[in-house]
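**Q** okay, sequence plus prediction incoming.
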Amino acid sequence: MNSQPPRILFIEDQMDLRQIYKDVFKREGFSIQLAEDGLSGLAMAQAAKPDLILLDLMLPKMSGLSLLEKLRASEETRDIPVVVFSAAADTDLMQKAFQLGAKECLTKALNPPKYIVQRVRDVLERVAAVAKPAPADQPLFIRVDPSTPEGAALFSKAGLSSGAPCPACQAPIAVELLPDQTRSDGHWFFAHLICSSCRKSF
């Protein structure tokens, strides 16, 4: 059993917020590193390989979206889960962040620190669950890429804007595959769209 605390990298340019979240995450049993701009945040992510990055979008020296794009372009950092944490509730920015692989997009003003900590825990649990092979009778979850024609068509058929997050909690929408035990030849599944966090079906 791994007894090491989860390692979080918080990239945020406001010093007071860095200190607040450092204290909150430490009290909740996390190990946390801090970066004050995009360039130093990228360097720390590459060096430390944290378990999760909590990322502001409006950063000096390199924007959060540019940083996220660089993380995803590198084999060393592409699998680090990223939770975007922004002052601006900008739908276009959030959409771009999801397209670049962000696991969650949260608005600072609407979410108190303890809620952010819980969402980070939820993301880490989801990532750990996906990393484990699922038993044959358990559902599987597949992330939908809305930039592909197939992904866009899937969202359209469900009456959703292409790549839109869950309207209830803003988490990404995924495809849940449920094993079809009525077929004996090969591996068959029923599929439907579901929120990756609150499990709302679409």
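**A** Received, thanks. Numbers count the residues shown, from 1 in each chain.
**Q** every contact and neighbour count from this point should use C-alpha atoms.
**A** Fine.
**Q** how far does stretch 156-170 stretch from start to finish?
**A** Using Cα to Cα, to the nearest Å, the gap from the first to the last residue of stretch 156-170 comes to 18 Å.
**Q** same question, stretch 140-150
**A** Stretch 140-150 has an end-to-end distance of 19 Å (criterion: Cα to Cα).
**Q** and it, average pLDDT?
**A** In this model, stretch 140-150 carries a mean pLDDT of 74.
**Q** buried set for it?
**A** Residues 140-141, 144-146 are the ones in stretch 140-150 that count as buried (16 or more other Cα atoms under 10 Å).
**Q** how about stretch 49-56?
**A** Buried residues in stretch 49-56 (16+ other Cα under 10 Å): 49-56.
**Q** can you show me the CA trace of it as PDB?
**A** What follows is stretch 49-56, C-alpha atoms only, in PDB (Å, rounded to 0.1, in the frame of the first residue of the first chain):
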ATOM      1  CA  LYS A  49       6.100  14.700 -12.100                       C
ATOM      2  CA  PRO A  50       3.400  15.500  -9.600                       C
ATOM      3  CA  ASP A  51       0.300  13.300  -9.200                       C
ATOM      4  CA  LEU A  52      -1.900  16.300 -10.200                       C
ATOM      5  CA  ILE A  53      -1.600  19.900 -11.400                       C
ATOM      6  CA  LEU A  54      -4.000  22.600 -10.200                       C
ATOM      7  CA  LEU A  55      -3.600  25.200 -12.900                       C
ATOM      8  CA  ASP A  56      -4.700  28.800 -13.200                       C
END
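**Q** what's that stretch in contact with?
**A** The contact list for stretch 49-56, computed with Cα atoms under 8 Å, 6 or more residues apart in numbering, reads 6-13, 45, 64, 76-77, 80-87, 120, 124.
**Q** need the buried residues of stretch 140-150 in TSV (columns: secondary structure and distance to V175).
**A** Shown next, in TSV, are those (DSSP: H, G, I helix; E, B strand; the rest coil; distance: Cα to Cα, whole Å):
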residue	secondary structure	distance to V175
L140	strand	8
F141	strand	6
V144	coil	7
D145	coil	11
P146	coil	12
